[in-house]
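[1] Structure, please.
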Amino acid sequence: MSLTFGMLLYDGWELMDAQAPFSIWMKLASLQRHSGSTLRHQFVTVGGTKSNPIESVSHFSVLCDHDLASCPQLDVLVVPGGLGSVAAAQDIAVTAFIQKQAGAAKWITSVCTGSSLLAAAGLLDGRKATTNKFAFGMMVLYGDKTEWIHKARYVIDGKYATSSGVSAGADMGFALGRSLFGNELVDRLLHNIQYTPNEMDDDPFSRIHSPGGK
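    The predicted model follows:
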């Protein structure tokens, strides 16, 4: 079955958060096609507007394919973090969009402080999750009903996958890639791009930053 992958953008999103898992899944989809598969997955961007570019923290702007109202049902959603995540987590339209997508999506994922949006949407209540270790103390305030795992590089609980800061999104992306595309393609891509993912339950930065975020 062909899948639709979506990247949620808002003012002040972090480019590396969004692009790491998205790029991995796109490369896996390409390898799948070259292996003879007839599946044609879609990759789309969605934000509060599709009329004007949405700017990242690094001033990289993207003109989204869909706004929140026109976005089709996604199979996989990635929510990046970034300096703008604090405001986005308080945007009712954004959290309502995430809630709606979660109903039928196969995977709802976040990278870094993007977990605050999932928590604000109530999707992490009663679940295990993780987030950026440097900002851990602030991020966990968004989900007082969430079991936050400080040492985790990424956490998968049901169809919700949350990852630690920035580069951890790549590790999560490969983990989900095994579920979505299979071990053979993931191992081939890891070889091609010369990358070794961190273990799921061991974020080296959890030993640098205390649970209080200091």
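
[2] quick one: buried residues of the least confident helix or strand in the chain by mean pLDDT?
    Using mean pLDDT, DSSP states H and E, the weakest-scoring helix or strand in the chain turns out to be helix 136-139, at a mean of 84. With burial defined by 16 or more other Cβ atoms under 10 Å, the residues of helix 136-139 counted as buried are Phe136, Gly137, Met139. The way it works is simple: take the backbone N, C-alpha and C, and place the C-beta from them, glycine included.

[3] Past it, which element shows up next along the chain?
    strand 147-148 (DSSP states H and E).

[4] will you turn the buried residues of helix 136-139 into JSON lines that also has distance to Leu190?
    Formatted as JSON lines, the buried residues of helix 136-139 follow (distance: Cβ to Cβ, whole Å):
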{"residue": "Phe136", "distance to Leu190": "28"}
{"residue": "Gly137", "distance to Leu190": "33"}
{"residue": "Met139", "distance to Leu190": "29"}
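
[5] now, among the residues you listed, which is nearest to Trp13?
    Met139 (15.6 Å; Cβ to Cβ).

[6] Can you give me every residue that contacts that closest one?
    Neighbouring residues of Met139 by Cβ atoms under 8 Å, 6 or more residues apart in numbering: Thr113, Ser115, Ser116, Ala119, Thr131, Asn132, Trp148.

[7] which stretch of helix or strand covers the fourth one?
    Counting by DSSP H and E, the element that carries Ala119 is helix 115-120.
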